[in-house]
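**Student:** give me the fold of what follows.
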Amino acid sequence: MAGVNRTNGGVNLPALRSHNTALVLDLLRGAGAGGISRLELAERTGLTPQAVSKITGRLREAGLAADAGHRASTGGKPRTVLRLVPGAGHAVGIHLDRDALRAVRVDLAGTVVGERCAAVDLGAGAEAVVRAVAGEVEALARGVGGEGEADAGSTALGSDAKGVAARSGSSRAAAGSLPALLGVGVALPGPLDHTRGVLHRVTGFPEWDGFPLRDALARRLGVPIAVDKDTNAAALGLAVAGERGSFAYLHLGTGLGAGLVIGGTVHRGARTGAGEFGHQVVQLDGPPCDCGDRGCVEALCLTAVARGDLAEAARVLGIAAGNLVALLDIDLVLLGGRTVTSAPDPFLRGVEAVLDERARRTGEEPVPVRTAPDEVAEGAAQLVLAPLFGRADA
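**Tutor:** Here you go, the predicted model:
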């Protein structure tokens, strides 16, 4: 692995993003405040003690790891225990909905240390929305409306974020003014191109088609930007937090979509088109949908919600969830989004009833259904943080 290149007190992230370093960082994060010894790191990664010693030495030099005391040994001197330094870097996650914005600032452990919410209108135009997002990021980066400034260790990763932004063509002179920010993850309704950060025809807002949101925000903020669908970001956050196996996260808010995790990995498809769950047609002569079809699940669900018939909305959602379960053979269905979290019981009962009935007909065990926390913004922050800990699907 290349040596750590320090610049103005920071550390070169690409130098840290090797497979072996990611393994060690992930184990440090998982060990929590109690820490983990170098011997345990070697045993659990399969690396030699010498390799682990070199990696942890670089991480300590970069401010990412620190001593967490000593642990008794079976022989010889006590083992030094190391821990991750969560405050060594921060990322901001943005959930940009059609009518609202929620922004969180999280440390390396994924703990939220600042939060801001604001009204926003996607129909107000790209410039106004980009300006609103940038303002919330800048406020959070400086600790406004959160829990104060980051601790002294938070400078450890700052300079590389600026370097990445410079390489991406950012011309913002004030890029260095955002303290110790690794980057910004933005999650919003699709469809979009996750790789290029370009929006497609967002349902109800065709004027966004082709807008390069990632590059526009990178120019304005001078830090790395990642853009993904809200459902994918939420699914990534759930996977990082420990949700295992293959599951579908169904998000019902101002629209309806799905985030898919197959075999522990977020599944986006070749064109980020996977999970356009709301636009499966289940009623050929149904009401028109903003996407141009008729009888889409999204249109049927939102119409039922608008007239206060949550039982019908849940039944429709259950039918669509049953289609997804049959198609992908997933282990779990998770329900989220503001419409679900405001009244979870009717949706849980309705979706469970449909899946249970399908299971009885096929003679199989029903797929469990649970609610999930409405933490799209936290998942968006993981678009920036997760690669540091070895998640290639971020």
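
**Student:** least trustworthy helix or strand in this protein by mean pLDDT?
**Tutor:** The least trusted helix or strand in the chain, going by mean pLDDT, DSSP states H and E, turns out to be helix 158-167, with a mean of 33.

**Student:** surely Asn20 touches Ala51?
**Tutor:** Yes - with contact defined as CB atoms under 8 Å, Asn20 reaches Ala51; the gap is 6.7 Å. In this view, the C-beta of every residue, glycine as well, is placed from N, C-alpha and C.

**Student:** now the common contact residues for the two.
**Tutor:** The contact sets of Asn20 and Ala51 do not overlap (CB atoms under 8 Å, 6 or more residues apart in numbering).

**Student:** tabulate the CA atom coordinates of stretch 264-274 in PDB.
**Tutor:** Coordinates of each C-alpha in stretch 264-274 appear next as PDB, following Å, rounded to 0.1, in the frame of the first residue of the first chain:
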ATOM      1  CA  GLY A 264     -25.900  -7.900   1.200                       C
ATOM      2  CA  THR A 265     -25.100  -5.600  -1.700                       C
ATOM      3  CA  VAL A 266     -27.200  -2.600  -3.000                       C
ATOM      4  CA  HIS A 267     -28.600  -3.600  -6.400                       C
ATOM      5  CA  ARG A 268     -28.900  -0.500  -8.700                       C
ATOM      6  CA  GLY A 269     -28.900  -2.200 -12.100                       C
ATOM      7  CA  ALA A 270     -26.800  -1.200 -15.100                       C
ATOM      8  CA  ARG A 271     -28.400   2.200 -15.500                       C
ATOM      9  CA  THR A 272     -29.500   2.800 -11.800                       C
ATOM     10  CA  GLY A 273     -33.000   1.700 -13.000                       C
ATOM     11  CA  ALA A 274     -33.600  -1.100 -10.400                       C
END
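
**Student:** chain center to that stretch: distance?
**Tutor:** The chain centre lies 14 Å from the centre of stretch 264-274; the measure is CA atoms, centre = their mean, to the nearest Å.

**Student:** ok, now stretch 318-327?
**Tutor:** Centroid separation for stretch 318-327 versus its chain: 24 Å, with CA atoms, centre = their mean.

**Student:** please, where are all the helices along the stretch 101-250 of the chain?
**Tutor:** Here the stretch 101-250 of the chain has its helices, by DSSP state H, counting those that start in this stretch, at 126-141, 158-167, 213-221, 230-240.

**Student:** got CSV for the ones you listed, with distance to Pro344 and mean neighbour count too?
**Tutor:** Converted to CSV, the helices of the stretch 101-250 of the chain look like this (distance: least, CB to CB, whole Å; neighbours: other CB atoms under 10 Å):
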stretch, distance to Pro344, mean neighbour count
helix 126-141, 28, 18
helix 158-167, 38, 20
helix 213-221, 31, 22
helix 230-240, 16, 28
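
**Student:** worst average pLDDT in these?
**Tutor:** When the helices of the stretch 101-250 of the chain are compared by mean pLDDT, helix 158-167 comes last with a mean of 33.

**Student:** ok, Asp110 - contacts?
**Tutor:** You called it Asp, but residue 110 is Gly. Contacts for Gly110 (CB under 8 Å, 6+ apart) come out as Val240, Ala241, Glu378, Ala381, Gln382, Leu385.

**Student:** again, but for Leu335
**Tutor:** With CB under 8 Å, 6+ apart, Leu335 has these contacts: Leu250, Leu252, Leu317, Pro344, Phe347, Leu348, Val351, Val369, Arg370, Thr371, Ala372.

**Student:** distance of it from Val137?
**Tutor:** The gap separating Leu335 from Val137 is 29 Å, by CB to CB, to the nearest Å.

**Student:** and Cys117, by the same measure?
**Tutor:** 14 Å.

**Student:** overlap in contacts, those two.
**Tutor:** With CB under 8 Å, 6+ apart as the test, Cys117 and Val137 both reach Ala103.

**Student:** what residues does stretch 373-380 touch?
**Tutor:** 93-95, 102-104, 106, 110, 112, 115, 185-187, 226, 228, 230, 232-238, 240, 251, 336-338, 341.

**Student:** how does it look with 7 Å?
**Tutor:** 93-95, 102-104, 106, 110, 112, 185-187, 230, 233-234, 236-237, 336-338, 341 (CB atoms under 7 Å, 6 or more residues apart in numbering).

**Student:** from those, which land in strands?
**Tutor:** Counting by DSSP state E, the contacts of stretch 373-380 place Gly93, Ile94, His95, Arg102, Ala103, Val104, Val106, Val112, Gly185, Val186, Ala187, Gly336 in strands.

**Student:** so the fourth one sits against Ala119, correct?
**Tutor:** No - at 10.9 Å, Arg102 does not count as touching Ala119 under the criterion of CB atoms under 7 Å.

**Student:** between those two, point out the one with more neighbours.
**Tutor:** Arg102 (22 against 8; other CB atoms under 10 Å).

**Student:** got a pLDDT number for the residue lying closest to Ala241 once chain neighbours are set aside?
**Tutor:** Nearest non-adjacent residue to Ala241, counting by CB to CB, 6 or more residues apart in numbering: Gly110, 7.4 Å away. For Gly110, the pLDDT comes out at 95.

**Student:** quick check: Arg98 is in a strand.
**Tutor:** No - under DSSP: H, G, I helix; E, B strand; the rest coil, Arg98 sits outside any strand and is assigned coil.

**Student:** skipping adjacent residues, who's closest to Pro224 in space?
**Tutor:** Spatial nearest neighbour of Pro224, chain neighbours left out: Gly183 (3.6 Å); criterion: CB to CB, 6+ apart.

**Student:** I meant Leu332, not that one.
**Tutor:** Leu332 sits nearest to Phe247 (CB to CB, 6+ apart), 4.0 Å away.

**Student:** could you list the low-confidence segments of the chain?
**Tutor:** In the predicted model of the chain, residues 1-17, 72-77, 144-179 satisfy pLDDT under 70.
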